[in-house]
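K.L.:
build me a model from this:
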Amino acid sequence: MIQVLPSSERFHTDAGWLDSRHSFSFAEHYDPQRLGFGSLRVINDDRVEPARGFGAHSHRDMEIVTYVLSGELAHKDSMGTGSVIRPGEVQRMTAGTGVVHSEMNASRTAPVHFLQIWIVPDRTGHQPGYEQKAFSEDDRRGKLRLLASRDGREGSVTVHQDASVYAALLEPGERVSHQLGQGRHSWVQVARGSVELNGQTLREGDGAAISDEQRLDLTGRDSSEVLLFDLA
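P.N.:
Below you'll find the predicted structure:
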């Protein structure tokens, strides 16, 4: 079964300097029917104006994965980490027992566009941690590249949950497939462009909740970037 969440039905926050679309309930946006999908709790599609961003704020007991689509995002946290995240780079921050961090557009002239993903961890009280890795376009071109996983296999960042996150860059007609294990579920998020998922068209910003499907076939309809979550 594939249930599509159209881009137009996402929640919307417009703060002037921030344009954010939320696939699931977030902040003042609440729908008891949209509290996440399995361990996937948040997918925020954020666009931040130059030299603006999220000042210091705290998190705990969440795996936070950030994937930059364009521009540059500067990160600082109470663990002493300072970094800039660029397109194709993935950041994983384990909030665990508590972290304070800030996220700012690193540019004074260009906006930054990124997806921020929250995954509920397998337990509370993990030690806070940070990891950042780069995945080249060639790594993601015409294939599903593993970005995050429980065991850090294939050079992915590590998350404290039975969840795997993949990304693919697809040109028109390019096709990738993914096998879902027995009893597993998936979420597909189109970051840009449009794709066909098992014959259904998904456009930019669309998401799809998938259960009781053994095989997922993704075909690019135009130049596209897509994320696939394999969830327990």
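K.L.:
quick one: which helix or strand includes the residue nearest the centre of the chain?
P.N.:
In the chain, the C-alpha nearest the mean C-alpha coordinate belongs to Ile117, at 4.2 Å (CA atoms, centre = their mean). For Ile117, the enclosing helix or strand under DSSP states H and E is strand 112-119.
K.L.:
distance from that strand to the middle of the chain?
P.N.:
Distance of strand 112-119 from the chain centroid (CA atoms, centre = their mean, to the nearest Å) equals 5 Å.
K.L.:
by contact count, what packs against that strand?
P.N.:
If contacts are counted by 3 or more CB pairs under 8 Å, 6 or more residues apart in numbering; DSSP states H and E, strand 112-119 sits against strand 40-48, strand 63-70. Placement of C-beta: from N, CA and C, glycine included.
K.L.:
please identify which of these is closest to Arg145.
P.N.:
Closest to Arg145 of the helices and strands packed on strand 112-119 is strand 63-70 (CB to CB; 11.6 Å).
K.L.:
the inter-axis angle of the closest one versus strand 112-119?
P.N.:
Direction vectors for strand 63-70 and strand 112-119, defined by axes from the mean of the first three to the mean of the last three CA atoms, to 10 degrees, enclose an angle of 160 degrees.
K.L.:
okay, buried residues for strand 63-70 please.
P.N.:
Glu63, Ile64, Val65, Thr66, Tyr67, Val68, Leu69 (16 or more other CB atoms under 10 Å).
K.L.:
gap between the fifth one and Thr97?
P.N.:
As defined by CB to CB, to the nearest Å, Tyr67 lies at a distance of 25 Å from Thr97.
K.L.:
same question for Thr109.
P.N.:
For Thr109, the distance to Thr97 - CB to CB - is 38 Å.
K.L.:
the two: which has the busier surroundings?
P.N.:
Per other CB atoms under 10 Å, whichever of Thr109 and Thr97 has more neighbours is Thr97, with 12 against 8.
K.L.:
surely the more buried one touches Gln127?
P.N.:
Yes: applying CB atoms under 8 Å as the test, Thr97 and Gln127 come out as touching, 7.0 Å apart.
K.L.:
domains for this structure, by residue range?
P.N.:
Under the assignment automatic domain parsing, the domains of the chain span 11-134, 137-231.
K.L.:
of all the ones you listed, which one comes closest to Gln3?
P.N.:
domain 137-231 (4.6 Å).
K.L.:
can you report how many residues lie near the closest residue to Asp77 other than its chain neighbours?
P.N.:
Once flanking residues are discounted, Asp77 sits nearest to His101: 3.7 Å by CB to CB, 6 or more residues apart in numbering. Residues lying near His101 (other CB under 10 Å) number 21.
K.L.:
for His101, name its beta-bridge partners.
P.N.:
His101 forms beta bridges with His57, Asp77, as assigned by DSSP bridges.
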